[in-house]
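> Make a model of this:
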Amino acid sequence: SGGAESSSVCEELAAKLGSRLPDVKDRALRSLASKVEAGLVSLDAVARLRGLPHKLLLWINDRQGETPPELVRMALRMIALLAEQPSAARGLQQAGCADFLRDFLAGSPDFRSEVQQALAVVERA
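Just a heads-up that it's a prediction; the model follows:
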């Protein structure tokens, strides 16, 4: 039952995104994003994680100035990937993702291409 096992790992990582400890948050994001990008967990399983869209936006908001830019880019790629999944697209809309990304774009020119890509997918969803 690798599916159930990877699902519980993903749930644990998603929960850790909400940790009060910055290192724990960052490691959770890096681990979750790399598992998705490597195909070790299905995007569908990740898209079904309750509250993940909101946690990703909170992570970006909280950590953007203190974490390596590559981690912010990972979070933005995750948002773009999630927006392609109907189960997560709804959560992104409910979390105000499009408005968040527009505001983020205005204040974060270094991430322009990643934010624009994520925004394009979120707005299509």
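
> Quick one: low-confidence residue ranges for the chain.
Scanning the chain with the threshold set as pLDDT under 70 gives 1-5.

> Mind jotting down where the helices sit in it?
For the chain, applying DSSP state H gives helices covering 2-16, 22-37, 43-47, 52-63, 69-83, 86-94, 97-107, 112-124.

> tell me which residues of the shortest one are tucked away?
By that I understand helix 43-47. Neighbour-count burial for helix 43-47 flags Leu43, Ala45, Val46, Ala47 (criterion: 16 or more other CB atoms under 10 Å). Every residue, glycine included, has its C-beta placed from N, CA and C.

> And the fifth one, by the same measure?
Residues of helix 69-83 classed as buried under the neighbour-count rule (16+ other CB under 10 Å) are 71-83.

> Kindly report the same for the first one.
Neighbour counts over helix 2-16 (16+ other CB under 10 Å) mark Ser6, Ser7, Val9, Cys10, Glu11, Leu13, Ala14, Lys16 as buried.

> which strands and helices sit next to it?
Here helix 2-16 is seen to pack against helix 22-37, helix 43-47 when contacts are counted using 3 or more CB pairs under 8 Å, 6 or more residues apart in numbering; DSSP states H and E.

> do the last one as well
Packed against helix 112-124, as judged by 3+ CB pairs under 8 Å, 6+ apart, are the following elements: helix 69-83, helix 86-94, helix 97-107.
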